[in-house]
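Colleague: Sequence first, then the predicted structure:
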Amino acid sequence: MVLQNHADGYESKFIMQIVKVIDNKLSRTPFAIAPYPIGIDSRVENINSWLQDGSTDVGILLVNGVGGIGKTTLAKFAYNINFRRFERSCFLEDVREISNQPNGLVHLQIQFLHHIMSGREVKIQCVSEGIKKIRDAIISKTILLVLDDVDHMDQIDAIFFMQDWFCPGSKIMITTRCAGLLRGHQVAKSKVYDAETLDVDESLQLFSWHAFGQDHPIEGYISLSKRVKDRCGGLPLALQVLGSSLSGRHIDVWESTLEKLKTIPDNQIIKKLRISYDALQDNPDDQNLFLHIACFFVGQGKDYVVRILDGCNFFTIVGIENLVNRCLVTIDDENNVKMHQMIWDMGREIVRLESKAPGKRSRLWRDKDSFDVLKEKSGTETIEGLALNMRMLSVNTPSGNTNEVVLETNAFSRMSKLELLQLCHLRLNGCYEEFPKGLRWLCWLEFPSKSLPSEIPLECLVYLEMHHSNLRQVFNRKKNLIQVLKKGRKHLPSLKTLDLSHSHSLTEIGNFSLAPNLERLILKDCASLVDVHESIGNLKRLNYLNMKDCKKIRKLPKNLFMLKSVDTLIVSGCSSLNEFPKELRNMESLKVLKVTQVLTTTGNVKSCLRRNPETFWASLPSSLTQLKLKSCNLSDEAFPKDIGNLPSLELLDLSDNPISGLPDCIRGVTRLDQLLFSNCKRLKTLVGLPRARYFGVFDCALLEKVTFQSSLFGFTPFEVLSISNPKLIEIEYMYKLEPLGNCDVEMLDLLGLSKYLESMETVLMIFPCRIAVESCRAVESTKLDWIRRYPIQGLYESGIFSTFLPGNVVPGHFSYTSKKSWSISFSVPSSTSTFRIRGLNVFSMYTCSGSGSYAGYSCEIISPIIIKVSNKSTGMKWIYDPSCFGIPDPGEDMIFLSHWKMGNQLLKGGDQVTVSMFMRSVFQLKEWGVQLVHEQDQENIRMMRTQHDNDDYECPVSFPCVIFGRSPEFEVMSRTYFLSHGPQSRRALTFTRWRDSVLFNDIFGDSDQQEEQALPLATTMRDAGDNRYFVFSMLAVDVLYDNVVLRSCLFGTQS
């Protein structure tokens, strides 16, 4: 290499420069990474952006994830790419393991100093001395430091006690299994990157490389490979280990291995994963909590798990939080407790290894083990939890009929520590007097008897769950509810939840007075229940009552409405209810009231509402936050002028009611968060909707227009708007569709569309009612609603005007056109007082590919065209996905024409601009082009100012036009704006998904730099080859609609 002399004649400086270059070459070498780094390019992108952001702060990035997910590989990959950007760099591997050795922290300090001091020998006697030497060494040079596999803060403190010791511009990356590692410590400017598992295709590819030495399974092993892949759950470590162990093995070995994995997971994988569990050794309660969840509660609601395990003297909420921080448990969007398959296997394997004899293990979850232990009466006091589902068990009975199997109650007599018992479809014979006395949770589904045995000891019971039981009464009717016959056992002081849902034979419950601490009573779908005992009014702690679909209940006890603690009352579907006491207003804690299908009755409830709706609404307590009135036959007249007595209302469900518009009273509800109007068949308009986060509008066949209270809404778009209504042509702030003849005349002139004003032609279109379709499975049955013929329409959307025209004659003039390239680039000319940039016109001419018919995608619900405009000079990008589009008739062409109002704010003289066109594979792009639009004389400028008051053009429909500025609601990456018809949450989902794909940069990156490389369209994956745009069209279905089910509908040949 040639070293440039920039030392200005000073020999010493020049020598130092030489030393610096040599030092850089000798002391730093890249790390070897995994031989098959599948999926790493897309995952490292965010880390690279952070490392290269040019910040002068000292940044810290926590790379968090479960063991074996690839955190170290990811960190090494990012380190290799970026370490030369820093004056010094150091990658400290296996920090957790080394720190646990004698003088381990000192060894780490020496290793760190050795790296950043160009290999000099360093002597350190103790940690405090090392901290001082490190402080002196790092203060003057930018450093890239990676600490790999950290599990405790003292390991970080030993390397850098204070973040601001580092030279500005330094970066510190920490890989860990503990998401909360830095929580509570004085660490500024820190970020967290959650490492993610591989997707389906990446998993199969990685597994195949290790099993077959190629990127796909060999013939005969495809199905087996997919089964192994599914078992691994996208965990790279598991895919690598199992792939290597199965490589070259016969199919019989594969089958046997898969069966073994169901019971005994691979030890090499478990050993790696168990590190996170062992890290909890100082907190055995959290270890036990993890094992309870792994054996009995994966997939259950978090609140449900908390109620049960709190009753077992766990501090469940904080315990789950600790498990989440250790990546042992996750909580999904539905608030369910989840666990990665391999972690789940690891937890159960820990229990299995407690003893070869199932009866001596702490937990029994496998039906066969539980059945054997009960049948052989081999249970011991070690057992804390047991689950047995006879319906899932292939029982050793000649007929296979589980009804023939009867076990003995004394099989439980030795299980003195049993707290969790889950049974289903089990018949027991014998006396229950020696049943375990410490039960906290009894879940007995399909309980066979008509009443509970009187001698069963339930004094410690916290949660009693008996769905689908054969109960007619809970206890012997001669005794009060929950009173048993044996002397001294007269009540259930600990019972907090009683759930008898779907017990269709239950006719009565009895007196509640002996369950004084009951908090939740769930009687859902107890179809024969006719009465609720008045003693329910004595349950001072009752906060939740669910009587949904108790169709024979005629009245509710009046003293129920005197309870101050009830916050949720559900009587939906109680169709025989003929009285709704006015005392309801006394329930001062009531927040959730669900009365779906109650007001449709012919009794006093409905007649009261018809005679005096003001009185009915006034009876609702002011504490209500949720009110569900679905299917209550409420017309426009049923609503008062004002419901100011509900100041806290956050959710209102008016679905399936015969209203024609938005009731006036709703406009004044200021705290509304969710508003639902599904299946309102007479609903025509929703004018003046109040501010809310979520609007659900489904299957409203007559709905045409949605607007918002401008004084409340301004330019702040709603987060979620779910629409599936075939006549909807306008949603304020989103789009407006109208016949071309009604559109803005100036806009039509700009695009040369005047001659089409009198056109009688029609266009086959997919209507914009497809916005945020939630149930994609319903598309096939309703596709005729989405695809119809309309007169030529103009679409205002996201500040863009567009239309679809039949034929191949392009209106107007276009300076830049192409028939081959995907991208067109040009330089913006300088503006003058009489030459001002207005924006862009873009056209594309396309036809159906293949058979020339649209039948192959008749249920399609994504646009065939995506346009990207990139201002290379400013770094800003706008990506437009039209919400509706035209479909060419067989053998005919169609023209898409759009105008983008951008102005001098976003396009300035000298800017380098690239416009890119992405076309779906079901269409063939024949030609497309771009025209820069400007205002040439003072008269046009004066007219524009008169109409619009400022340089920003206002479309006839109001919405935040990001192409006139930098609206954060549309900005999904730095300086990148996604002009999608979908709401903000869908846009966010789009970009979250794209980050996981190597295709991300094709649309949202700089793929338009390859403008001279025209890629052919393809109709199948095999034909596509390197055509990344074909693959994009498939992925967009998942990305935009978050529903893989659509893929089979739209691409029948793809998996």
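Modeller: It's in.
Colleague: what sits up against the helix or strand that contains L593?
Modeller: Using DSSP states H and E, the element containing L593 is strand 592-594. Contacts of strand 592-594 with the rest of the structure, by Cβ atoms under 8 Å, 6 or more residues apart in numbering, involve 548, 567-572, 620, 624-628. The C-beta positions use only the backbone N, C-alpha and C, and glycine is treated the same way.
Colleague: May I see the PyMOL selection of the buried members of those?
Modeller: To isolate the buried members of the contacts of strand 592-594 in PyMOL, using 16 or more other Cβ atoms under 10 Å:
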select buried, resi 548+567+568+569+570+571+572+620+624+625+626+627+628
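Colleague: Among the contacts of strand 592-594, which one lies nearest to V532?
Modeller: Nearest to V532 among the contacts of strand 592-594 is V571, at 10.8 Å by Cβ to Cβ.
Colleague: With adjacent residues omitted, what lies nearest to the closest one?
Modeller: M547 (5.4 Å; Cβ to Cβ, 6 or more residues apart in numbering).
Colleague: so how many other residues sit close to that neighbour?
Modeller: Other residues lying near M547 total 22 when counted by other Cβ atoms under 10 Å.
Colleague: which residues touch it?
Modeller: M547 neighbours (Cβ under 8 Å, 6+ apart): 523-524, 526, 529, 532, 553, 570-571, 574.
Colleague: again, but for E376
Modeller: G359.
Colleague: Next, find the distance separating the most centrally placed residue in the chain from K302.
Modeller: Centroid check for the chain by Cα atoms, centre = their mean gives D333 as the closest residue, at 5.7 Å. Per Cβ to Cβ, to the nearest Å, D333 is found 12 Å from K302.
Colleague: go on, T73?
Modeller: 32 Å.
Colleague: Also Y846?
Modeller: Taking Cβ to Cβ as the measure, Y846 falls 49 Å from K302.
Colleague: Would you mind telling me which of those two has the busier surroundings?
Modeller: Taking neighbours as other Cβ under 10 Å, Y846 and K302 compare with Y846 leading, 25 against 19.
Colleague: Now do the contacts for that one.
Modeller: 864-865, 888, 893-894, 896, 919, 923-926.
Colleague: would you list the residues you listed in a markdown table and tack on secondary structure?
Modeller: Formatted as a markdown table, these follow (DSSP: H, G, I helix; E, B strand; the rest coil):
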| residue | secondary structure |
| --- | --- |
| P864 | coil |
| I865 | strand |
| P888 | coil |
| D893 | strand |
| M894 | strand |
| F896 | strand |
| M919 | strand |
| F923 | strand |
| Q924 | strand |
| L925 | strand |
| K926 | strand |
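Colleague: which one of the residues you listed sits closest to E97?
Modeller: Using Cβ to Cβ, the contacts of Y846 come closest to E97 at M919, 52.9 Å.
Colleague: Tell me the confidence at the closest one?
Modeller: Looking at M919, its pLDDT stands at 80.
Colleague: What is the neighbour count of it?
Modeller: Count around M919 with other Cβ under 10 Å applied: 23.
Colleague: what about the residue nearest to V571, distance to S575?
Modeller: With distances taken as Cβ to Cβ, M547 is found 12 Å from S575.
Colleague: Can you tell me the strand partners of the strand holding L593 and which way each runs?
Modeller: strand 568-570 (parallel), strand 626-628 (parallel) (DSSP bridges).
Colleague: Low-confidence ranges, the stretch 501-650 of the chain, go.
Modeller: Filtered on pLDDT under 70, the stretch 501-650 of the chain yields the residue ranges 599-616.
Colleague: And the helices in it, which stretches?
Modeller: Ranges of helices in the stretch 501-650 of the chain, per DSSP state H, counting those that start in this stretch, are 604-611, 613-618.
Colleague: who's in contact with the spatially closest residue to M876 that is not a sequence neighbour?
Modeller: Distances taken as Cβ to Cβ, 6+ apart place R975 nearest to M876, at 4.8 Å, with adjacent residues excluded. By Cβ under 8 Å, 6+ apart, R975 lies in contact with 874-877, 966.
Colleague: And for N283?
Modeller: Contacts of N283 by Cβ under 8 Å, 6+ apart are N322.
Colleague: So this structure: which segments form each domain?
Modeller: 23-194, 200-263, 270-352, 562-714, 741-771+778-1015 (automatic domain parsing).
Colleague: and the strand or helix carrying K271, what other elements does it pack with?
Modeller: Using DSSP H and E, K271 maps to helix 267-278. With contacts defined as 3 or more Cβ pairs under 8 Å, 6 or more residues apart in numbering; DSSP states H and E, helix 267-278 has these neighbours: helix 236-246, helix 341-352.
Colleague: After that helix, which helix or strand is next?
Modeller: helix 284-292.
Colleague: What are the buried residues along that following helix?
Modeller: In helix 284-292, counting by 16+ other Cβ under 10 Å, buried: 286-292.
Colleague: Past that helix, which element shows up next along the chain?
Modeller: helix 302-310.
Colleague: ok, residues contacting the helix or strand that that next one is followed by?
Modeller: Later in the chain than helix 302-310, the nearest helix or strand by DSSP H and E is helix 316-325. Defining contact as Cβ under 8 Å, 6+ apart, one finds that helix 316-325 is touched by 178-181, 183, 280, 283, 285-286, 289-290, 293, 302, 305-306, 309-310, 329-331, 337.
Colleague: Where does L374 fall, secondary structure wise?
Modeller: helix 367-376.
Colleague: buried stuff in that helix?
Modeller: 367-371, 373-374.
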